[in-house]
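> When you get a sec, could you give me coordinates for this:
(one chain, ligands or ions: 2)
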Amino acid sequence: MQEPFPTHPSLDISENGTMSNATVEVNYDDLIPNNVNLSEDRALKKALEAWHPGYIDWWKSMGPEGFQESEVYLRTAVGVDPAGWATFDYVKMPDYRWGILLAPQEEGRTIPFGKHKGEPVWQAVPAEYRAMLRRLIVIQGDTEPASVEQQRHLGKTCPSLYDLRNLFQVNVEEGRHLWAMVYLLQKYFGRDGRDEAKALLGRQSGSEDRPRILGAFNEDTPDWLSFFMFTFFTDRDGKMQLESLAQSGFDPLARTCRFMLMEEAHHMFVGESGVGRIIQRTCEAMKAAGISDPYAIDAIRKLGVIDLPTLQKKANFHITVSRDLFGAEISTNGANAFNAGLKGRFRETKIDDDHQLENAFYSVLRLENNQFVTQQVPALTAINARLLDDYIKDCQAGLNRWNKILEKEGVEFVLSQPHPAFNRRVGEFAGLSVSPDGILLTEVEWQQQRDRWLPSDADLDYISGLMTAVTDVGQYAGWIAPPKIGINKQDGDFEYVCIDKPERCPAEREA
Ligand SMILES: [Fe+2]
Ligand SMILES: [Fe+2]
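Residues are numbered from 1 along each chain as shown. Ligands and ions are numbered 1, 2, ... in the order given. Down below sits the predicted model:
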């Protein structure tokens, strides 16, 4: 077992709202896995000590509901080398070792894009870009605890212990990503960085008065299909954002994001394999019942599986709210962050151009005189549009793999992505009434057909009715196929979460 990370029973919240923790001594040097010389950085340690009790308090009140005392088979990053970044063991979630880990520094790295291209990367915050940089870090940081909040009720309806463990893995790692951003704020931004770090625990997903910054992170994640769609589509937005920040000329941000991307890959695996297993199960059930028409929804639902048209509607919802996360397609903020060398493009260094884009153009889809047209716009202003295009391509690769399952099972149905203008609230197409195949409609026409394209109340009720917990070892809910391989290659009957049977819990057995 790993050494537990102590929790703080005595939170002392003073009148001005700041938290102090006078009674519990924490050895931060040993207990926070880090490669940032934490033991030698007194100012940072002090800031972390002030922030940490509030974090644990947040985890316990806004993190996974229940299961805080359960032993969960989790991957913990204790170092950035291959041997240290993925160590598996049973751990109680509040004792998870949320570390501060940056990818190794590259000798002689230079700023790869923008007007400072070719200059040595910054190890300190460049004064002229301080506010812009802080904003980028805060926005990224805000998404991390938000998704934990959105997913907090899912444990009680888990389709298996395997899936429950995957949910918690994603949750603790999003918690670690919050630490990663808080580290940057506290280490490099002084007092206002500490204020921002505190505010990250103050906002709350879905809250009326203190919501999370971005729309998709205030949506509900009411069921496990939503969870899988979220980790596939919304975590993939996270991947794209991290990929562009991993190019940053502010080296500590680039290194932090490069390490986060290693964890992010698993989140999208959880989504892709989760949806893939649902498709698999639906196909198997349809074939066993002799149903070949994927639109025979009533008959398919009688089998207790999720029909493919509903799966498409759920995908449509998550795709469109995730696209909104990219911001306006044409954006001066995007141009400024690129020009400044703070946020690059997807795989910037692999792109074959001058990386400054002062005279370059990029094709963007726009609406002109009620027609969708492709327009050449200055590439600098189209940084967001390009990242969104890369995202749509990245999503399509996953959809193609889902469609392979359908093909292999001989079910005639193709999952697809809706038109870029469908159901958008942000950017070029915000508020337009456009069908998934790109037909411009009146608002009334759109509303009349809405339930054909996005989950209806009846669809959501049906899915919600399927959500009952399956917690017997090696068992799976009837609407999802078991995974092909276990986590860390464990066997099918592996107990990924020891919920309430301490006699079977490995930690207890060892003791
Ligand atoms: Fe994350
Ligand atoms: Fe993630």
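
> Could I get the contacting residues of the residue of the stretch 51-200 of the chain found nearest ligand 1?
For the stretch 51-200 of the chain and ligand 1, the shortest gap (Cβ to the ion) falls at residue 177, measuring 3.7 Å. For glycine as for every other residue, the C-beta is placed from the backbone atoms N, C-alpha and C. The neighbourhood of residue 177, defined by Cβ atoms under 8 Å, 6 or more residues apart in numbering, consists of 141, 144, 260, 263.

> Out of those, name the ones that lie in helices.
141, 144, 260, 263 (DSSP state H).

> Which ones, among the residues you listed, also lie beside ligand 2?
Near ligand 2, judged by Cβ under 5 Å from the ion, there are no entries from those.

> Tell me the one among those nearest to residue 381.
Minimum distance to residue 381 across those is 25.9 Å, recorded for residue 141 (Cβ to Cβ).

> Let me see the contact set for the residue nearest to the closest one when sequence neighbours are not counted.
Nearest in space to residue 141, with sequence neighbours left out and distances taken as Cβ to Cβ, 6 or more residues apart in numbering, is residue 181 at 3.1 Å. For residue 181, the contacting residues are 137, 138, 140, 141, 144, 200, 256, by Cβ under 8 Å, 6+ apart.

> what helix or strand is residue 181 on?
Of the helices and strands defined by DSSP states H and E, residue 181 is found in helix 161-188.

> Spell out which residues of the stretch 201-350 of the chain are next to ligand 2.
235, 238, 264, 267.

> which two from those end up farthest apart in space?
Within these, two members stand farthest from each other by Cβ to Cβ: 238 and 267, at 7.6 Å.

> my guess is residue 90 is in a strand, correct?
Yes. Remark: residue 90 belongs to a strand, assigned using DSSP: H, G, I helix; E, B strand; the rest coil.

> Beta-bridge partners for the nearest residue to it once chain neighbours are set aside, please?
Excluding the flanking residues, the one nearest residue 90 by Cβ to Cβ, 6+ apart is residue 71, at 4.1 Å. For residue 71, the beta-bridge partners are residue 92, residue 498 (DSSP bridges).

> if we can go back for a sec, please tabulate the ones in helices among the contacts of residue 177 in TSV and include distance to ligand 1 as additional columns.
Conversion of the ones in helices among the contacts of residue 177 to TSV gives the following (distance: Cβ to the ion, whole Å):
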residue	distance to ligand 1
141	10
144	5
260	6
263	7
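
> Neighbour count and pLDDT for the residues you listed - can I get that in TSV?
TSV is the format used below for the ones in helices among the contacts of residue 177 (neighbours: other Cβ atoms under 10 Å; pLDDT from 0 to 100):
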residue	neighbour count	pLDDT
141	24	97
144	22	96
260	26	95
263	22	92
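
> ok, of these, which one's closest to residue 97?
Distances from residue 97 to those, taken as Cβ to Cβ, are shortest for residue 263 (13.7 Å).

> and the spatially closest residue to that closest one that is not a sequence neighbour, how many neighbours does it have?
Among residues not flanking residue 263 along the chain, residue 173 sits closest, at 4.6 Å (Cβ to Cβ, 6+ apart). Residue 173: 24 surrounding residues under other Cβ atoms under 10 Å.

> hey, where'd the strands end up in this protein?
With strands called from DSSP state E, the chain shows them at 12-13, 19-20, 71-76, 87-92, 361-368, 371-378, 497-498.

> which two of the contacts of residue 181 lie the greatest distance from each other?
So, the contacts of residue 181 by Cβ to Cβ: farthest apart are 200 and 256, at 15.0 Å.

> Between those two, which is the more surrounded one?
The neighbour comparison of residue 200 against residue 256 (other Cβ under 10 Å) goes to residue 256, with 28 against 24.

> quick one: that one and residue 345, what's the gap?
Distance, residue 256 to residue 345, by Cβ to Cβ, to the nearest Å: 19 Å.

> what's the answer for residue 40, then?
For residue 40 relative to residue 345 (Cβ to Cβ), the value is 36 Å.

> Looking at those two, which is more packed in?
Just comparing residue 40 and residue 345: by other Cβ under 10 Å the higher neighbour count belongs to residue 345, 24 against 9.

> mind listing what's buried in stretch 482-499?
483, 486, 487, 494, 495, 496, 497, 498, 499 (16 or more other Cβ atoms under 10 Å).

> burial of the residue of the stretch 351-500 of the chain found nearest ligand 1, as a residue count?
Using Cβ to the ion, the single residue of the stretch 351-500 of the chain nearest to ligand 1 is residue 391, 15.6 Å away. Residues lying near residue 391 (other Cβ under 10 Å) number 23.

> Help me confirm that residue 399 comes into contact with residue 415.
Yes. Here residue 399 reaches residue 415: they are 5.3 Å apart, a contact under Cβ atoms under 8 Å.

> Contact residues of the stretch 101-250 of the chain facing ligand 1?
Looking at ligand 1, the residues of the stretch 101-250 of the chain close enough under Cβ under 5 Å from the ion are 144, 174, 177.

> got the contact list for the first one?
Contacts of residue 144 were listed using Cβ under 8 Å, 6+ apart, and they are 174, 175, 177, 178, 181.

> coming back round to it: out of the ones in helices among the contacts of residue 177, which is nearest to residue 322?
Nearest to residue 322 among these, counting by Cβ to Cβ, is residue 144 at 15.7 Å.

> so where's this protein uncertain?
Low-confidence segments of the chain, defined by pLDDT under 70: 1-30, 501-511.

> Now the residue of the chain most remote from its centre, what are its backbone angles?
Outermost residue of the chain with respect to the C-alpha centroid, by Cα atoms, centre = their mean, is residue 290; its distance is 38.1 Å. Here is the backbone geometry of residue 290 (degrees, to the nearest 10): phi 70, psi 30.

> Could you count how many residues lie near the residue lying closest to residue 326 once chain neighbours are set aside?
Distances taken as Cβ to Cβ, 6+ apart place residue 388 nearest to residue 326, at 4.3 Å, with adjacent residues excluded. By other Cβ under 10 Å, the residues close to residue 388 number 25.

> For the stretch 101-250 of the chain, just list every one of the helices.
Ranges of helices in the stretch 101-250 of the chain, per DSSP state H, counting those that start in this stretch, are 130-150, 161-188, 190-202, 224-229, 235-245.

> tally of neighbours for whichever residue of the stretch 251-400 of the chain sits closest to ligand 2?
Nearest residue of the stretch 251-400 of the chain to ligand 2: residue 267, at 3.7 Å (Cβ to the ion). Residue 267: 24 surrounding residues under other Cβ under 10 Å.

> Contact partners for it?
Remark: with contacts taken as Cβ under 8 Å, 6+ apart, residue 267 is in contact with 170, 173, 231, 235, 238.

> mind saving the C-alpha coords of stretch 433-453 as PDB?
What follows is stretch 433-453, C-alpha atoms only, in PDB (Å, rounded to 0.1, in the frame of the first residue of the first chain):
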ATOM      1  CA  SER A 433     -31.800  26.900 -36.100                       C
ATOM      2  CA  VAL A 434     -29.800  24.300 -38.200                       C
ATOM      3  CA  SER A 435     -30.600  20.600 -38.600                       C
ATOM      4  CA  PRO A 436     -27.800  18.000 -38.000                       C
ATOM      5  CA  ASP A 437     -27.400  17.700 -41.800                       C
ATOM      6  CA  GLY A 438     -26.900  21.500 -42.200                       C
ATOM      7  CA  ILE A 439     -30.300  22.700 -43.300                       C
ATOM      8  CA  LEU A 440     -31.200  26.200 -42.100                       C
ATOM      9  CA  LEU A 441     -34.700  26.100 -40.500                       C
ATOM     10  CA  THR A 442     -37.000  28.500 -38.800                       C
ATOM     11  CA  GLU A 443     -37.000  28.300 -35.000                       C
ATOM     12  CA  VAL A 444     -40.400  26.700 -35.000                       C
ATOM     13  CA  GLU A 445     -39.400  24.000 -37.500                       C
ATOM     14  CA  TRP A 446     -36.300  23.300 -35.500                       C
ATOM     15  CA  GLN A 447     -38.300  23.000 -32.200                       C
ATOM     16  CA  GLN A 448     -40.800  20.700 -33.900                       C
ATOM     17  CA  GLN A 449     -38.000  18.200 -34.800                       C
ATOM     18  CA  ARG A 450     -35.700  18.800 -31.800                       C
ATOM     19  CA  ASP A 451     -36.600  15.400 -30.200                       C
ATOM     20  CA  ARG A 452     -35.500  13.600 -33.300                       C
ATOM     21  CA  TRP A 453     -32.000  15.100 -32.900                       C
END
